[in-house]
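1. only the shape, not the letters, is given here:
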Ligand SMILES: NC(=O)c1ccc[n+]([C@@H]2O[C@H](COP(=O)([O-])OP(=O)(O)OC[C@H]3O[C@@H](n4cnc5c(N)ncnc54)[C@H](OP(=O)(O)O)[C@@H]3O)[C@@H](O)[C@H]2O)c1
């Protein structure tokens, strides 16, 4: 039987999620990769346990995480039964709907029909009565935003979720979503965009909008799927994502010019006394507008290494300038 580390809350300080009562850990764990049918259950269990023992109270899922679709939630249901029932009130568990999930016109996008059915399916798979956060996973320009936000509102009101969030919305879509929620008398808790040293799009205008609207921000993919670590500097290891699960990170995309940039970033990280993975996580958290960095991991040691980013999370102006200079040479 799993007994969580007694000192789990002494390791990190929690950050307020926008204008809300909810505190999130600075690092959260996502179950997009490594929780489907290609990862042994025991490895998944060790990753989840290492996270919680390190103070990570937030696990992030979506209806279509796997492979196959739904499998990460199904496995998470088994983990709930084994390990997490006694800790349910110490956990923030999220899921999402918005991408293709089942065949036909009602298993994709942003209709009320899709979201209402999807939350029920997710709760069943995860053996939960409620999720803490339910997200609309991506904007749907063909569905009125009032319908999508109305569905999130009703899901929260029904008790199937405690808070509502959005993901992958741009700045103007976010502002509109927050306003529609406000009009209904509900606060949009959180936005989940992609953010890393290799994708700084949110700095253009999204961060201003979330600040103005008091919406929290959880940055997914701070390691760019593993690229922003030291692992690809000398080729493609057999146990890496690019080698064993190349659905999204393909070996052919790990080009020499990318490796050259990664090497320079790695040198800066090592001068700071940390690994590139640790610097990449700390860098996404340098502006308090980011509530949490949403990492993935294929083994427990990675979680432990990444949490230690917090031992040295501050940056000098010189270090930030040096990083900007390297990123300015990026050609993709
Ligand atoms: N809302 C959305 O549309 C959306 C989209 C994508 C992701 N997400 C969320 O964000 C979460 C994280 O995404 P991600 O997994 O792409 O994030 P990531 O943190 O950028 O990449 C994680 C991967 O990097 C490698 N890694 C992690 N720590 C390492 C370390 N210390 N040293 C070397 N390699 C390390 C591992 O891959 P290896 O297999 O190579 O070891 C790991 O699976 C997802 O699980 C999901 O919850 C959301």
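-> Structure's in. What do you need? Because the structure is a prediction, the values reported are computed rather than measured.
2. could you tell me which residues of the stretch 101-250 of the chain lie near the ligand?
-> Residues of the stretch 101-250 of the chain that fall close to the ligand, judged by C-beta under 6 Å from any ligand atom: 137, 167-168, 192, 220-226, 229, 231, 240-241. Backbone N, C-alpha and C define where each C-beta goes, glycine included.
3. quick one: which of these is most hemmed in?
-> residue 222 (29 neighbours; other C-beta atoms under 10 Å).
4. how close does the residue nearest to residue 280 when sequence neighbours are not counted sit to residue 296?
-> For residue 280, ignoring the flanking residues on the chain, the nearest one in space by C-beta to C-beta, 6 or more residues apart in numbering is residue 228 at 4.0 Å. Relative to residue 296, residue 228 is positioned 12 Å away (criterion: C-beta to C-beta, to the nearest Å).
5. what's the answer for residue 326, then?
-> Per C-beta to C-beta, residue 326 is found 24 Å from residue 296.
6. more crowded one of the two?
-> Taking other C-beta under 10 Å, residue 326 and residue 296 do not tie; residue 296 has more neighbours (23 against 18).
7. what about the strands in this structure?
-> Applying DSSP state E to the chain gives strands spanning 15-16, 23-24, 27-30, 58-60, 92-97, 131-136, 161-167, 190-192, 216-220, 292-295.
8. turn these into a markdown table, columns for mean pLDDT.
-> Compiled in a markdown table, the strands of the chain are given as follows (pLDDT from 0 to 100):
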| stretch | mean pLDDT |
| --- | --- |
| strand 15-16 | 98 |
| strand 23-24 | 98 |
| strand 27-30 | 98 |
| strand 58-60 | 99 |
| strand 92-97 | 99 |
| strand 131-136 | 99 |
| strand 161-167 | 99 |
| strand 190-192 | 99 |
| strand 216-220 | 99 |
| strand 292-295 | 98 |
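9. any chance of those strands in JSON lines with distance to residue 122 as columns?
-> Below are the strands of the chain laid out as JSON lines (distance: least, C-beta to C-beta, whole Å):
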{"stretch": "strand 15-16", "distance to residue 122": "26"}
{"stretch": "strand 23-24", "distance to residue 122": "20"}
{"stretch": "strand 27-30", "distance to residue 122": "15"}
{"stretch": "strand 58-60", "distance to residue 122": "12"}
{"stretch": "strand 92-97", "distance to residue 122": "5"}
{"stretch": "strand 131-136", "distance to residue 122": "7"}
{"stretch": "strand 161-167", "distance to residue 122": "10"}
{"stretch": "strand 190-192", "distance to residue 122": "16"}
{"stretch": "strand 216-220", "distance to residue 122": "18"}
{"stretch": "strand 292-295", "distance to residue 122": "18"}
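10. how about residue 36, nearest residue that isn't a chain neighbour?
-> The shortest distance from residue 36 to any non-neighbouring residue, by C-beta to C-beta, 6+ apart, is to residue 66 (3.9 Å).
11. ok, now which ones touch the spatially most central residue of the chain?
-> Of all residues in the chain, the one closest to the mean position by C-alpha atoms, centre = their mean is residue 294, 3.4 Å from it. By C-beta atoms under 8 Å, 6 or more residues apart in numbering, the contact set of residue 294 is 27-30, 60, 192, 218-222.
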